[in-house]
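Participant: Quick one, structure for this:
(one chain, ligands or ions: 2)
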Amino acid sequence: MNALLTRLRGIVGDAQVLTHDDPATDLSAWEQDWRRRAYGRALAVVRPASTAEVAAVVKACAAAGVSIVPQGGNTGLVVGSVPDDSGTQVVLSLARMNAVRGIDGDNLTVTVEAGCVLQTLQDAAEAAGFLFPLSLAAEGSCTIGGNLATNAGGTQVVRYGNVRELCLGLEVVTAQGEVWDGLSGLRKDNTGYDLRDLFVGSEGTLGVITAATLKLYPRPAAQLTAWAAVPSLEAAVQLLGLAHRHLGAGLTGFEVMGQFALSLVAKHFPQQRVPLWSEHPCCVLLENSDSESEEHARGQFERLLETAFEQGVVSDAVVAESLQQAHALWHIRESIPLAQAEEGLNIKHDISIPVSKIPAFCAETDALLQREVPGVRLVNFGHLGDGNLHYNVQAPEGGDASAFLRDMEAQVNHLVFDQVRRFDGSISAEHGVGSLKADKLPVYKDPVALALMRSIKQALDPQNILNPGRVLS
Ligand code: FAD
Ligand code: ZN
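Facilitator: Ligands and ions are numbered 1, 2, ... in the order given. Prediction:
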């Protein structure tokens, strides 16, 4: 191991190889996951500054038979970016590779290094007069490499797609330490298998993403936010249909929030004024991005809400009068996971179901849960426009939250995931598989798909050097 560390120091410089040998160095930021569900121990944290350095590090580790855990902002939610506790893995941090390499305005593309923080990229796009539409609550610390490796979603997928849809080209260091330069800004390229889409969503198990060429969009002339109380989930789905028809491509956000989820924000963050939650089973947050003007966007919203009221699909609604009000409404939505954490440990599910089946899925699954775990509380919210729910399960009122997580997680997961399968859904919509759900894929993924995935892993990383045990157990 010492020979490997010496070699790594030769590649990236002494200061960029951090180990436990130095008692003054605290590696916990790289060894603990964001949700504090896993505490690993690394052989070393290595921080290369260029693609050539990444390639040399991977070659050295492969030659020594030492496995690598790629890491960006370490905000992932499925325990994929931290080492195991063996003390034998190298954490490969991309954080120093954070340059925006260039913007091609006519081609509407930006080329950026993997360690660039998402918000930095959004700001660079804005400064050049464009929009980079990926948006999620972790944007101040997650990186574009991590976003691509997990195929991140977020709040604008209903219009712009997951980051997969935003990606035109990649630069990747293979498990053998070779560099694939696929940084084309081409929107059309049918020259064989799509390697780019193989690496997007591969969670560091097939290659190390070092840079990407991504799509840019014109900035909308106006963005308006509305908050609507709806009488049921069925009504929320009907409202989504109306919003698609009335707003067309202007519909850039459609989030649903159950009453209990909103009650937690009202309880734990009383300084936030949560509108309309107490008398309605759920509320919806809509965003309309318009290429014409604010008046036009407002007119569209008014006509949409008028129709929705007439059809009984909306019970009450407010449209934000200012940017500040719009931010406050989005802040309520983003505060749900934090309010939930304040309430105590809970069992999280990031699931997707065809939108049309969501009301029936929730009605049935809520009832089953109540039957099996009486008093359980459902924190149900998420990106309804994409069929993606964060269907989280909180201990009964006054119950011991850690005991609930310890004793009930397996049973609750089993019940919820079986229901997801029955309703043709996915047990991971946007967060990925990591280690947390790797043992679930053999149960819930199509066996032929799983066998193909294993063949791909074997072909690209026969030594099992890259993030072993993640995705495929
Ligand atoms: P990390 O956590 O460092 O890594 C994630 C995975 O990618 C790991 O498997 C890692 O090995 C791999 N990886 C990282 N960088 C590379 C690379 N350069 N090459 C190859 N593999 C790599 N996700 C959503 O999709 N939508 C949301 O709305 C959303 N909201 C969130 C809100 C909060 C508050 C938090 C904490 C997380 C949220 N997430 C969300 C989770 C999401 O997966 C991450 O925030 C983000 O995409 C991960 O980026 P990261 O740089 O932190 O990656
Ligand atoms: Zn989400």
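Participant: what's in contact with stretch 146-153?
Facilitator: 70-76, 80-81, 114, 118, 134, 136, 142, 162-164, 167, 170, 199-204, 209, 212, 383, 386, 388, 429-432 (CB atoms under 8 Å, 6 or more residues apart in numbering). Where you see a C-beta, it was placed from the backbone N, CA and C, and this is true even at glycine.
Participant: again with stretch 344-353
Facilitator: Here stretch 344-353 makes contact (CB under 8 Å, 6+ apart) with 77, 340, 361, 379, 386-395, 401-402, 404-405, 408-409, 412-413, 416-417, 420, 423-431.
Participant: let's see it at 6 Å
Facilitator: Residues external to stretch 344-353 that are found in contact with it (CB atoms under 6 Å, 6 or more residues apart in numbering): 340, 361, 387-394, 401-402, 405, 409, 412, 416, 420, 423, 425-426, 428-429, 431.
Participant: Might you report the residue contacts of Leu18?
Facilitator: By CB under 6 Å, 6+ apart, the contact set of Leu18 is 25, 45.
Participant: okay, now the closest residue to ligand 1 within the stretch 1-150 of the chain: neighbour count?
Facilitator: Here the stretch 1-150 of the chain gets closest to ligand 1 at one residue, Gly146, 2.1 Å apart by CB to the nearest ligand atom. Residues within reach of Gly146, counting by other CB atoms under 10 Å, total 30.
Participant: Could you look up the SS state of it?
Facilitator: helix (DSSP: H, G, I helix; E, B strand; the rest coil).
Participant: on that earlier part again, contacting ligand 1 as well, which ones from the contacts of stretch 146-153?
Facilitator: 70-76, 80-81, 114, 136, 142, 203-204, 209, 430-431 (CB under 6 Å from any ligand atom).
Participant: if we can go back for a sec, what about the contacts of stretch 344-353, which are in strands?
Facilitator: Mapping those onto strands (DSSP state E) picks out 388-394.
Participant: Show me which residues of the stretch 301-450 of the chain are close to ligand 1?
Facilitator: Counting by CB under 6 Å from any ligand atom, the stretch 301-450 of the chain sits next to ligand 1 at 430-431, 434.
Participant: on that earlier part again, could you flag which of the ones next to ligand 1 among the contacts of stretch 146-153 are buried?
Facilitator: Neighbour counting by 16 or more other CB atoms under 10 Å classes 70-76, 80-81, 114, 136, 142, 203-204, 209, 430-431 among these as buried.
Participant: From the centre of this structure outward, give me the first residue you hit.
Facilitator: Geometric centre of the chain, nearest residue: Ala152, 3.8 Å, by CA atoms, centre = their mean.
Participant: From ligand 1, how far out is it?
Facilitator: Ala152 sits 4 Å away from ligand 1, going by CB to the nearest ligand atom, to the nearest Å.
Participant: For that residue, give me phi and psi.
Facilitator: phi -60, psi 150 (degrees, to the nearest 10).
Participant: which residues of the stretch 1-150 of the chain score low on pLDDT?
Facilitator: For the stretch 1-150 of the chain, no stretch is flagged by pLDDT under 70.
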